[in-house]
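Visitor: Fold the following.
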Amino acid sequence: MANGHLIVDARSSAEYGAAHIPGAYNVQMSSPEFEQRVGWVTPDDSSIILVTESAADAQRCIYNMAFIALDSNVAGFLDGGIDSWMGAGKHVETIPQIDVFALQNRLSTNGLRVLDVREEDEWDEGHIASAEFMTYTSLVPQLDIPARIDELPWSFDESIAVTCATGKRSSTAISILRRHGYEKLFNVTGGMEAWEHAGFEMLDAAGNICNC
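Guide: Residues are numbered from 1 along each chain as shown. Got it, this is the predicted structure:
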């Protein structure tokens with residue numbers, strides 16, 4: 001890390017939230033787009049160290065990354081995973097996970113901010129009324145398109161809940177936001193699928209209450 005290597009933590013959102021290496025990106029290997037998402041959030045010339053639950057998981061990540069020629073960017077994986085890191089007395093950070101019921105309650109009681117990082121068509125189909133919208137890929141540069149993270153309307157110390165469809169992309173977005181100085185972030189478990197299933201109000205692209 002001191003030599004500029006990037007850490008990609010390929011574990012689940014919950015595992016990453018419970019304890020992770022400071023500065024690590026969270027891109028879950030369970031995603032069918034794992035290798036593409038690594039490519040989207042890390043610079044092309046990155047040297048990557050993986051954090052996984054096992055050596056077999058690390059090898060699976062490398063195999064999948066080979067489909068878009070990212071395997072050569074992998075310098076190695078953390079032997080023993082996060083347990084070995086903590087066993088060596090190294091510092092870890094956490095990300096609180098909140099469900100949609102806690103989110104709905106906090107929206108009505110203390111004005112928690114919400115960032116929706118899904119794709120635009122997903123946003124148009126139904127979103128939380130008070131949410132801001134920015135795709136997680138827009139938080140970092142994409143080819144010749146600059147990052148838009150500086151367009152977010154909040155200060156670094158505001159409390160922000162980040163949501164996507166299920167809680168995976170939101171955790172990736174949180175790992176990017178943390179690297180840029182945002183401090184009080186919450187990952188919405190279950191994402192907008194859970195919000196819809198709970199019957200909470202959503203707006204469509206025109207700002208009307210939708211029957212999603």
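Visitor: burial count for the closest residue to residue 50 other than its chain neighbours?
Guide: In space, and not counting its chain neighbours, residue 50 is closest to residue 77: 4.0 Å by Cβ to Cβ, 6 or more residues apart in numbering. The way it works is simple: take the backbone N, C-alpha and C, and place the C-beta from them, glycine included. Residue 77 has 21 neighbours, counted by other Cβ atoms under 10 Å.
Visitor: thought residue 77 was touching residue 49?
Guide: Yes - here residue 77 reaches residue 49: they are 6.5 Å apart, a contact under Cβ atoms under 8 Å.
Visitor: ok so, going back, just the local confidence number for the residue nearest to residue 50, please.
Guide: Looking at residue 77, its pLDDT stands at 98.
Visitor: which residues touch it?
Guide: For residue 77, the contacting residues are 49-52, 55, 58, 61, by Cβ atoms under 8 Å, 6 or more residues apart in numbering.
Visitor: Closest one of the residues you listed to residue 95?
Guide: Set against residue 95, the nearest of the contacts of residue 77 by Cβ to Cβ is residue 51 (14.4 Å).
Visitor: ok now do that closest one, which residues does it touch?
Guide: Residue 51 makes contact with 7-11, 20-21, 24, 77-78, 81-82, 85 under the criterion Cβ under 8 Å, 6+ apart.
Visitor: Could you check which helix or strand contains the residue nearest the centre of the chain?
Guide: Nearest to the geometric centre of the chain sits residue 172, at 1.6 Å (Cα atoms, centre = their mean). Assigned by DSSP states H and E, residue 172 belongs to helix 169-179.
Visitor: Just give me how far that helix sits from the chain centre.
Guide: Centre-to-centre, helix 169-179 and its host chain are 4 Å apart (Cα atoms, centre = their mean, to the nearest Å).
Visitor: Also stretch 27-37?
Guide: 11 Å.
Visitor: Kindly report the same for stretch 142-161.
Guide: Worked out by Cα atoms, centre = their mean, stretch 142-161 lies 13 Å from the chain centre.
Visitor: which outside residues touch it?
Guide: 40, 98, 103, 106, 112-115, 132, 134, 138-141, 176-177, 180-188.
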